[in-house]
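**Q** heads up, no residue letters with this:
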């Protein structure tokens with residue numbers, strides 16, 4: 001069954017906009033689990049404009065479910081992951097000034113680097129997922145790097161869903177089948193929401209995990225955080 005990992009970056013964004021500790025990011029992580037989330041995702045960036053490195057350290061001992069840390073494996077990020085030892089690290093090729101993730105890895109061009117990163121994290125018992133565009137070639141390239149999973153970058157699916165959902169999901173299905181053929185796991189994330197999530201998982205039911213943050217916080221403004229998480233879980237299950 002697909003697991004829901006809640007990305008709490010946006011909660012940290014709200015906190016940082018005002019200063020102080022409201023909303024409390026640590027409490028939010030614990031509450032998301034209490035409301036049914038099966039994992040917590042954070043994506044610390046070098047400028048710490050939302051999740052801070054100190055948040056990552058503080059959250060880890062509070063969690064009972066899986067902890068997923070996303071980011072570009074620069075040295076500071078790599079050192080943090082090796083210190084905290086989450087269940088999963090997701091390697092994302094973010095530029096420093098990127099507002100949000102906007103592309104997957106070229107796993108062929110970056111094979112040597114990604115292979116080294118996979119070896120580094122897996123040697124410490126950390127599951128490695130590589131963020132890729134919905135391309136069978138990129139999925140195969142990721143598998144050759146030694147990763148455990150890929151995470152499909154679902155922005156194009158979300159943007160094209162309303163116009164033609166079957167056409168929108170087609171490249172993701174092809175990429176997901178390649179992951180199966182390569183015997184690696186499958187995650188998905190970016191712009192998935194209550195409208196488009198169920199169809200994605202009906203089409204690709206072997207998805208191991210979806211990571212959702214922005215849409216959950218937007219929906220929580222109207223529904224409340226607990227009811228929102230339950231609504232997403234109902235779409236999954």
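**A** Yes, it's here. Just so it is clear, the structure is predicted and the values come from calculations on it, not from any experiment.
**Q** Could you pull up the contacting residues of the residue nearest the centre of the chain?
**A** Compute the mean C-alpha point of the chain, and by Cα atoms, centre = their mean the closest residue is residue 211, 4.2 Å away. Contacts for residue 211 (Cβ atoms under 8 Å, 6 or more residues apart in numbering) come out as 5, 6, 7, 39, 41, 68, 70, 90, 151, 187, 188, 189. C-beta: built from backbone N, CA, C; applies to glycine.
**Q** And stretch 151-167, what's buried?
**A** Residues 151, 152, 153, 154, 155, 156, 157, 158, 160, 161, 165 are the ones in stretch 151-167 that count as buried (16 or more other Cβ atoms under 10 Å).
**Q** Can you report how many residues lie near the nearest residue to residue 135 once chain neighbours are set aside?
**A** Using Cβ to Cβ, 6 or more residues apart in numbering and skipping residues adjacent in sequence, the residue nearest residue 135 is residue 175, 6.1 Å away. Counted by other Cβ atoms under 10 Å, the residues lying close to residue 175 total 25.
**Q** re the thing from before, can you redo the buried residues of stretch 151-167 as CSV with pLDDT?
**A** CSV is the format used below for these (pLDDT from 0 to 100):
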residue, pLDDT
151, 98
152, 98
153, 97
154, 98
155, 96
156, 97
157, 98
158, 98
160, 98
161, 98
165, 98
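**Q** Which ones among those map onto helices?
**A** When DSSP state H defines the helices, the subset of the buried residues of stretch 151-167 inside them is 155, 156, 157, 158, 160, 165.
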